[in-house]
Structure formats: C-alpha cells, structure tokens
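Colleague: the amino acid sequence is not available; the structure is as follows:
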C-alpha cells in the first residue's frame, strides 16, 4: 500500500464547497503518480519515451461522505491485481477526522505507444507494482 496526503482545494469543489464527483479521479491520479515515484518508476519517464503506455480503461467510485474545501484527506493506494497486460488499483479516501469518504478503482491496460495495440506490461513496472501489493 502507498499513502498520499493532500487537502481539498477550491478547484476540487463545486459551488457548495463539496468535492465535485469527477475531481475524485483527479485526486486519485495524483496519488497514483506519487505511488509510481515512490517505487522508482516515475510517470514522467514513461511519458518521455517508453514504448508502452498504460492508460486507464475503467474507473469507478463510491462516494460515502462529503469532502469539503480545506479538509485534509489521506488516499491509500493499493495494488489489487497485476496481470501481464493490465493492473488494477484501489483508492481509499479518508478525511483527517477518520471519516471514510470514498473509494475508487482504476484499471490500466498496456498499449504500444506507436500503434496503440495491446501489449504486455514492462517487467520493471510489474516488479514495482508487486513490491507494494
């Protein structure tokens, strides 16, 4: 598991000061990028020239409690599954007061950067993900 902490900012909220539903995925992606950095596999390196990309092909979320402007939030990222061509991540959102606010899940698929055909995940990414399972 990897933990990322931040707080709810104005751009994450709607007019009522509560996290806009789509912004939950923005927060999840920040935690995802931080997790990749922590396991020595920074996303910027993959975007700069790797032959394989791993876009999100499925995303879902359950909202359990409102997250409001200025609240601290901890996002625990878990690697739920790693297969040869896909990996699944789970995200648990917990407010600073301990309230379980949301859960999300993303599924990433490996595609070749040039032709965009399905391919296998790089061995070093698989090892990095498995190191925090």
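Modeller: Happy to help now that I have it. The structure displayed is predicted, hence computed values, not measured ones. Numbering: from 1, shown residues only.
Colleague: show me the helices in the chain, by range?
Modeller: Secondary structure of the chain (DSSP state H): helices at 23-38, 43-49, 123-130.
Colleague: buried stuff in the shortest one?
Modeller: I take that to be helix 43-49. 43, 46 (16 or more other CB atoms under 10 Å). (C-beta placed from N, C-alpha, C; glycine too.)
Colleague: by contact count, what packs against the worst-scoring helix or strand of the chain on mean pLDDT?
Modeller: Ranked by mean pLDDT, DSSP states H and E, the weakest helix or strand in the chain is helix 43-49, scoring a mean of 76. Counting contacts by 3 or more CB pairs under 8 Å, 6 or more residues apart in numbering; DSSP states H and E, helix 43-49 is packed against helix 23-38, strand 52-53.
Colleague: now, of the ones you listed, which is deepest in the fold?
Modeller: Mean neighbours per residue, mean count of other CB atoms under 10 Å, is largest over those for helix 23-38, with a mean of 19.
Colleague: this protein: strands as residue ranges?
Modeller: Along the chain, counting by DSSP state E, strands occupy 2-7, 52-53, 56-63, 72-82, 86-95, 100-109, 111-112.
Colleague: got the ones you listed as TSV, with mean pLDDT and distance to residue 45 columns?
Modeller: Shown next, in TSV, are the strands of the chain (pLDDT from 0 to 100; distance: least, CB to CB, whole Å):
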stretch	mean pLDDT	distance to residue 45
strand 2-7	96	18
strand 52-53	84	12
strand 56-63	96	19
strand 72-82	97	19
strand 86-95	98	17
strand 100-109	97	16
strand 111-112	88	17
